[in-house]
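Chemist: got a predicted structure here, sequence first:
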Amino acid sequence: MNPVNYLYLAALLFTIGAAGVLIRRNAIIVFMCVELMLNACNLAFVTFSRMHGNLDGQIIAFFTMVVAAAEVVVGLAIIVTMFRSRHSASVDDANLMKL
Amino acid sequence: MSGTAVHSLWTMAAPAADKIPAPKIEYTQLSPVLIVFGAAVVGILVEAFLPRKSRYLGQIAVSVIGLAAAFAAVVALAARGYGTTKAHVAAMGAVAVDGPALFLQGTILLVGLVAVFTFAERRLDPKAHGRKVDSFAAQGSAVPGGDAEKAAVKAGFTTTEVFPLLLFAVGGMLIFPAASDLLTLFVALEVFSLPLYLLCALARRRRFMSQEAAMKYFLLGAFSSAFLLFGIALLYGYAGTVSYSGIAAVVDGTAKMTPALAATTGNDALLLIGTAMVAMGLLFKVGAVPFHMWTPDVYQGAPTPVTGFMAAATKVAAFGALLRLLYVVLPGMRWDWRPVMWGVAILTMLVGAIVAVTQTDVKRLLAYSSIAHAGFILAGVIATTPDGVSSVLFYLAAYSFVTLGAFAVVTLVRDAGGEATHLSHWAGLGRRSPLVAAVFAVFLLAFAGIPLTSGFAGKFAVFKAAAQGGAMPLVIVGVLSSAIAAFFYIRVIVLMFFSEPKPDGPTVAVPSAWTSTAIGIGVAVTLALGVMPQYFLDLADKAGVFVR
């Protein structure tokens, strides 16, 4: 199978993730969409790695996974604290500060 | 078939082990970063093993010693010529040790050190149950106003974790402008962003706002770093490598062609979209329009010492990375990125200056002013001349100390609810406490770029570089928006000195030696860089050559 197809899939996943971040209102889902974007990046890295025949991309994919895990730790901590104090995880409710 | 023959069907002798070269790490040249991360880890151990009472002093000692030692290491490296003649790329091509990197690392370390002083302040907030408290939440996880929080305050808990978090952030920021491949760039970005998200959520007063700021910063920051990462993937796909020199060689057409490379380099879309997305991630961090939306909310909601640190140090680190990307990786396609950067710079300067005029909150005002300043610095970045680099370096050093000092002053003006950040509360401050108002006026004049302050020297250097680099329209827009910006800086000064103080106005708290030192350093650097900028301009000039 032509590896370029995987690139199209990566771009599609990335777009779905980005659209989700912009449309969805629940902070957890927004965050999951960000993770989807990171996974799309991973797919692109691995595909390019295969196309170029070097291992850099595959190694970067591991780094991305570790970074994504660290991001989950920090992100869930913030979102859960927010939910506990407001009883809502909606990003629309976070509107104390306005112009 | 004999046993050995069967065995050899699916096994083979291990290849000689000496074929894998061990990576060579130059520990001495990376010592500033290693010292800071070491201190951060020690800070975590302090948090784990020291009794609560002694943690505060322990953490301050670890942070101050760590940052000072790292700064000494930077100076030692620069003195041994790593900034000029011995500049090279260390750690197997991952981290550059050169003039701009050392200059920015020195700046970030000093900013971090002064920020530790503002973090350590414990005299401003009224005592809780007879114990001095700082500006951070008693317990970050406790629900605001809930029983757990009351118990934590009563027990005298304090969040001393902020010091190791600050050290981790500083460590990431040290690598960020020195990163010499895109993977290091991404990891450094996350290493300094994640602690900052947490620090934003830890205010003692107005915790709802603080948590909201942290969530906005986190979601938007993660969103932008995903864009950065996809950009990195596309650039990797284009060039087949993530090292800056490798990509630069492919862009310039001097790289050795392989069949795979021939297939991907034919596709300019990979290069252009990848560049755009990486630049987007970096422009988000510097707070350039149209990626600036998070700045005012986060600056307002975060605890003020954190805001000062974030506003100063993040900008230094992110502009360093942007400079290196544009000057080392992509000089070959500057005809593609310059027009876009022109637009971004013009928008940033104008939007920052114009929207700031309408602000009624000091912290938001300073946030929009920081956006306008990002535009001025971008004008220097666009120059693409050696002068451009040195002027940006100088501007960053000057700007970061003014910002730190200004936010430190904001922590002093208080009423019953904590900091009184609404501008109307600042009316008549100059009559009530002339010294604090005068110091704040110095910082505002430096922001406005009035002669004899560091702001003037920085702006002059940046605009001169931009004009010589053929960006005259940018300079005109820059001067215009400086004039708009000067209007609202002067308005605050007029408000402080020439209007009657309100009877129920805020009081100016008397700080301890920590904040006094921080503000003193801010004023001293502002005036020193303003009155005799030549020495520092020369220093920035000498440090202005990137290694490739």
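Modeler: Arrived safely.

Chemist: and for the closest residue in space to A:Gln58 that isn't next to it in sequence, the neighbour number?
Modeler: Leaving out its chain neighbours, the residue that sits closest to A:Gln58 by CB to CB, 6 or more residues apart in numbering or on different chains is A:Ser49, at 4.9 Å. Glycine gets a C-beta too; all of them are placed from N, C-alpha and C. A:Ser49 is flanked by 22 other residues according to other CB atoms under 10 Å in any protein chain shown.

Chemist: next up, the contacts around A:Ser49.
Modeler: Shown in contact with A:Ser49 (CB atoms under 8 Å, 6 or more residues apart in numbering or on different chains): A:Leu55, A:Asp56, A:Gly57, A:Gln58, A:Ala61.

Chemist: how near is it to B:Ala427?
Modeler: Distance, A:Ser49 to B:Ala427, by CB to CB, to the nearest Å: 62 Å.

Chemist: try A:Glu35
Modeler: Going from A:Glu35 to B:Ala427 by CB to CB gives 48 Å.

Chemist: so these two - more neighbours on which side?
Modeler: Counted by other CB under 10 Å, A:Glu35 and B:Ala427 do not tie: B:Ala427 has more neighbours, with 20 against 17.

Chemist: list the contacts of that one.
Modeler: Counting by CB under 8 Å, 6+ apart, B:Ala427 has contacts B:Leu495, B:Met496, B:Ser499, B:Glu500, B:Pro501, B:Lys502, B:Gly505.

Chemist: which one among the residues you listed gets closest to B:Val409?
Modeler: B:Met496 (10.9 Å; CB to CB).

Chemist: hang on, that closest one packs against B:Trp426?
Modeler: Yes - applying CB atoms under 8 Å, one finds B:Met496 in contact with B:Trp426, separated by 5.8 Å.

Chemist: coming back round to it: so which strand or helix has the residue nearest to A:Gln58?
Modeler: Take DSSP states H and E as the rule and A:Ser49 turns out to sit in helix A:27-52.

Chemist: average pLDDT across that helix?
Modeler: Averaged across helix A:27-52, pLDDT comes to 96.

Chemist: spell out which residues of the stretch 1-150 of chain B are next to chain A.
Modeler: B:Gly140, B:Ser141, B:Val143, B:Pro144 (CB under 8 Å from any CB of the partner chain).

Chemist: can you map out the strands along chain A?
Modeler: Read by DSSP state E, chain A holds no strands at all.

Chemist: which stretches in chain A count as helices?
Modeler: For chain A, applying DSSP state H gives helices covering A:4-23, A:27-52, A:56-86.

Chemist: so of those helices, which one's packed in deepest?
Modeler: helix A:27-52 (a mean of 22; mean count of other CB atoms under 10 Å in any protein chain shown).

Chemist: distance from the chain centre to stretch B:521-541, please.
Modeler: Between the centre of stretch B:521-541 and the centre of its chain there are 20 Å (CA atoms, centre = their mean, to the nearest Å).

Chemist: please apply the same query to stretch A:10-23.
Modeler: 9 Å.

Chemist: and it, does that touch chain B?
Modeler: Yes - if you take CB under 8 Å from any CB as the test, stretch A:10-23 does meet chain B, through A:Ala10, A:Phe14, A:Gly17, A:Ala18, A:Val21.

Chemist: what's the farthest-apart pair in these?
Modeler: Taking CB to CB, no two of the residues of stretch A:10-23 next to chain B sit farther apart than A:Ala10 and A:Val21, at 16.6 Å.

Chemist: about what we covered before: out of the contacts of B:Ala427, who's the most crowded?
Modeler: B:Met496 (26 neighbours).

Chemist: wasn't that residue part of a helix?
Modeler: Yes - B:Met496 forms part of a helix when assessed by DSSP: H, G, I helix; E, B strand; the rest coil.

Chemist: ranges for the helices of the stretch 251-400 of chain B?
Modeler: With DSSP state H, counting those that start in this stretch as the criterion, the stretch 251-400 of chain B has helices at B:259-265, B:268-286, B:294-301, B:304-309, B:315-324, B:334-357, B:362-382, B:386-410.

Chemist: report whether the second one contacts chain A.
Modeler: No - no part of helix B:268-286 sits close enough to chain A to count as contact by CB under 8 Å from any CB; the gap is at least 9.0 Å.

Chemist: give me the buried positions along that helix.
Modeler: B:270-271, B:273-275, B:277-286 (16 or more other CB atoms under 10 Å in any protein chain shown).

Chemist: same deal with the last one?
Modeler: If you call a residue buried by 16+ other CB under 10 Å, then helix B:386-410 has these buried ones: B:387-410.

Chemist: centre of the chain to the helix or strand just after that helix, how far?
Modeler: The first helix or strand that comes after helix B:386-410 along the chain, using DSSP H and E, is strand B:413-415. Computed by CA atoms, centre = their mean, the chain-centroid distance of strand B:413-415 equals 27 Å.

Chemist: ok, now stretch A:50-64?
Modeler: 18 Å.

Chemist: what sits against residue 37?
Modeler: You didn't say which chain, so I picked chain A. A:Leu13, A:Phe14, A:Gly17, A:Ala18, A:Val21, B:Phe223, B:Ala226, B:Phe227, B:Leu229, B:Phe230.

Chemist: hmm, no, I was thinking of chain B.
Modeler: Residues in contact with B:Phe37 (CB under 8 Å, 6+ apart) are B:Leu167, B:Phe168, B:Gly171.

Chemist: excluding chain neighbours, what is closest to the first one?
Modeler: In other words, B:Leu167. B:Ala40 (3.6 Å).

Chemist: what about the residue in the stretch 301-450 of chain B positioned nearest to chain A, distance to B:Phe309?
Modeler: Nearest to chain A in the stretch 301-450 of chain B, going by CB to the nearest CB, is B:Gly301, at a distance of 6.0 Å. B:Gly301 sits 15 Å away from B:Phe309, going by CB to CB.

Chemist: ditto for B:Thr275
Modeler: 30 Å.

Chemist: which phi and psi does B:Arg25 have?
Modeler: Residue B:25: Ile, not Arg. phi -110, psi 130 (degrees, to the nearest 10).

Chemist: got the contact list for B:Asp125?
Modeler: Counted by CB under 8 Å, 6+ apart, B:Asp125 has contacts B:Lys132, B:Val133, B:Asp134, B:Ser135, B:Arg204, B:Arg205, B:Gly418.

Chemist: next up, the contacts around the fourth one.
Modeler: If a contact means CB under 8 Å, 6+ apart, then B:Ser135 has B:Phe119, B:Glu121, B:Leu124, B:Asp125, B:Ala203, B:Arg204, B:Arg205, B:Pro303, B:Thr304, B:Pro305, B:Thr411 as its contacts.
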